[in-house]
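Visitor: Attaching a predicted model along with its sequence, questions to come.
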Amino acid sequence: MNISRTAIDFKGGKITDDTLFLTDFDDPASYIDLDVLLVEYANNFFVDVSFHDGANKLSVNVISEFDWENPVYTKSIERHDKTGLIASLKEAIDIAVKGK
C-alpha cells in the first residue's frame, strides 16, 4: 500500500514529517518509521499519523495546543487499510483546519 501525496488536500498545513509517502505498508520487509506524518496548522493544531509496531496499526490524531496526552481526535487504522487511512486523514484535517 502506497499513498500518493496528491490523494490528500492538506488545506494549507505545513508537512514536517512525511514518511507516509515513502513507505510501502504492504511490504513485510519494509521499515516503517513510528512517526509517519506530522502536519502543522497556524491555529496550533497538528495532524499526526503514527505507526504502532506491536499492534501493527496506524493511528491518526489531531492535537491542539501541544497537548499530546489529550488528542481532540484519534482513530486507529489497520496497517493495510488505505481507504480507511485516507478517510481518517481527511476527517482529521477538517477538524484541525476548523480548530474544534
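Guide: Now that the structure is in, tell me what you want to look at.

Visitor: Tell me the secondary structure at the residue of the chain most remote from its centre.
Guide: The outermost residue of the chain, judged by C-alpha distance from the chain's mean C-alpha position using CA atoms, centre = their mean, is A29 at 21.5 Å. Reducing the assignment at A29 to three states with DSSP: H, G, I helix; E, B strand; the rest coil gives coil.

Visitor: next one: A96
Guide: Assigned with three-state DSSP, A96 falls in the helix class.

Visitor: Count the neighbours of it for me.
Guide: 26 (other CB atoms under 10 Å). Bear in mind the C-beta positions are built from the backbone N, C-alpha and C, glycine included.

Visitor: So it sits against F46, correct?
Guide: Yes - in terms of CB atoms under 8 Å, A96 counts as a neighbour of F46; the distance is 7.0 Å.

Visitor: tell me, what's touching the two both at once?
Guide: Common neighbours of A96 and F46 are listed as V39, V62 (criterion: CB atoms under 8 Å, 6 or more residues apart in numbering).

Visitor: Output stretch 11-22 as PDB - backbone C-alpha positions only.
Guide: In PDB, the C-alpha atoms belonging to stretch 11-22 read as follows (Å, rounded to 0.1, in the frame of the first residue of the first chain):
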ATOM      1  CA  LYS A  11      -5.600  22.600   3.300                       C
ATOM      2  CA  GLY A  12      -2.700  24.900   4.000                       C
ATOM      3  CA  GLY A  13      -1.000  22.700   6.600                       C
ATOM      4  CA  LYS A  14       2.800  22.500   6.700                       C
ATOM      5  CA  ILE A  15       4.100  19.000   6.400                       C
ATOM      6  CA  THR A  16       7.100  18.500   8.700                       C
ATOM      7  CA  ASP A  17       7.400  14.700   8.700                       C
ATOM      8  CA  ASP A  18       6.300  12.700   5.700                       C
ATOM      9  CA  THR A  19       7.500   9.100   5.500                       C
ATOM     10  CA  LEU A  20       3.800   8.300   4.800                       C
ATOM     11  CA  PHE A  21       4.500   8.900   1.100                       C
ATOM     12  CA  LEU A  22       7.700   6.900   1.000                       C
END
